[in-house]
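# No sequence on hand, only this structure:
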């Protein structure tokens, strides 16, 4: 079947043309997609687990687009963390392809947002208490890892996501930057460092991250923190659990799969992470990037292990509904190619302000104070993009 999924030309800076409400943008080291308007939205699932028929629903919508002669044969959007949550995926009216972001290419957003208040959920002390409870559950054998998250409500009427998305793309050009229309005047925006999965032709890649440490402005201290993270038995174990889960989910779909024995350091502007690139060749070309993504989601990096027990613990210990946070964001076309990032380092904006999110992996031996500090550092990525870095102590 013939596909025409994007415009022919490659345009230089599509992030600058992103307009919340009228378009969605997804920028990665491979390139930028700007989706304009909505031709057809992927309908909700009738099942309790919407992931179970997500790939089928997307294929059906792409088939409708083909039958109607619509030139765009790709879906762009976001999928939630919870299996029963509502995904936001559309075939756009127009889909334009551009170059990857480059450092400094977009303007900064500092000092442009009027803030009326910051409200963490839960309060920092309660988050530390939840971590301590999780560690006790782990010691008792209830589960081996759980990812506990925090949210931060920023009261900012009239907030404009566009300059923040541009600033994130400029500040983190190696990340997966997105501004996705989530309906109802809401926008999902962020810059995720973690590739869930990509497929190009028959080549498949995933880049799981687990194990983190905050960066330091002092070069010597920053190098020390990176080296300590690479040596940390706790962080290496946490990372190995995630890599094993990712490889285990991909292996049934791949003719061959390469899994490096050692992690490498991944650097963002605020954090060090342990990362491993898992790459291979898909055995069946009919298995799309979205089908692979649903097989992987959620990884232990955003949920925990075992998955069912970790999900239950998240429902018990977290003080908010994750929604699209720790879901997946990206695109897939009618030929099965696509790119999906883990929805972290993100915010959900609405006309009254926005909610920021950050989480940490809790395992045996986790220190509540250290996990609180890690989530505060992660929240700092978005706070800095909003010009609020000086106020980050309010959430620590």
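Done, it's in. All figures in this text were calculated on a predicted structure; none of them were measured in a lab.

# Tell me the secondary structure of residue 240, please.
helix (DSSP: H, G, I helix; E, B strand; the rest coil).

# ok, now residue 158?
What three-state DSSP gives for residue 158 is coil.

# That one - how many residues pack around it?
A total of 9 residues lie near residue 158 under the criterion other Cβ atoms under 10 Å. Quick note: C-beta positions are derived from backbone N, CA and C, even for glycine.

# Now do the contacts for it.
114, 351 (Cβ atoms under 8 Å, 6 or more residues apart in numbering).

# same deal with residue 176?
26-28, 191-195, 329-330, 339, 341.

# And the strands in the stretch 101-250 of the chain, which stretches?
Remark: strands assigned in the stretch 101-250 of the chain by DSSP state E, counting those that start in this stretch are 117-121, 145-155, 176-183, 186-192, 195-200, 203-207, 209-214.

# and the gap between the residue nearest the centre of the chain and residue 188?
By Cα atoms, centre = their mean, the mean C-alpha position of the chain lies nearest to residue 343, the distance being 1.8 Å. Separation of residue 343 from residue 188 (Cβ to Cβ, to the nearest Å) stands at 7 Å.

# Now do the shared contacts for these two.
In contact with both residue 343 and residue 188: 78, 324, 329, using Cβ under 8 Å, 6+ apart.

# Would you mind naming the helix or strand containing the first one?
Translated: residue 78. strand 74-79 (DSSP states H and E).

# Check residue 58 too.
Applying DSSP H and E as the criterion places residue 58 in helix 54-67.

# got the buried residues for that helix?
Residues of helix 54-67 classed as buried: 54-55, 57-59, 61-62, 65-66 (neighbour count, 16 or more other Cβ atoms under 10 Å).

# and which of those is nearest residue 311?
Proximity of the buried residues of helix 54-67 to residue 311 (Cβ to Cβ) peaks at residue 54, which lies at 17.7 Å.

# Skipping its backbone neighbours, what lies nearest that closest one in space?
residue 294 (5.6 Å; Cβ to Cβ, 6 or more residues apart in numbering).

# what's near enough to touch the one you found?
Residue 294 neighbours (Cβ under 8 Å, 6+ apart): 51, 54-55, 79.

# make it 10 Å
Shown in contact with residue 294 (Cβ atoms under 10 Å, 6 or more residues apart in numbering): 49-55, 79, 196-197, 249, 288, 328, 340.

# With residue 245 instead?
208, 210, 296, 298-301, 303, 305, 307.

# In CSV: those, plus distance to residue 383, neighbour count and pLDDT.
Listed next are those as CSV, based on distance: Cβ to Cβ, whole Å; neighbours: other Cβ atoms under 10 Å; pLDDT from 0 to 100:
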residue, distance to residue 383, neighbour count, pLDDT
208, 26, 28, 95
210, 23, 29, 88
296, 29, 20, 96
298, 25, 23, 94
299, 26, 27, 92
300, 27, 26, 91
301, 22, 27, 89
303, 25, 24, 95
305, 30, 21, 93
307, 31, 15, 93
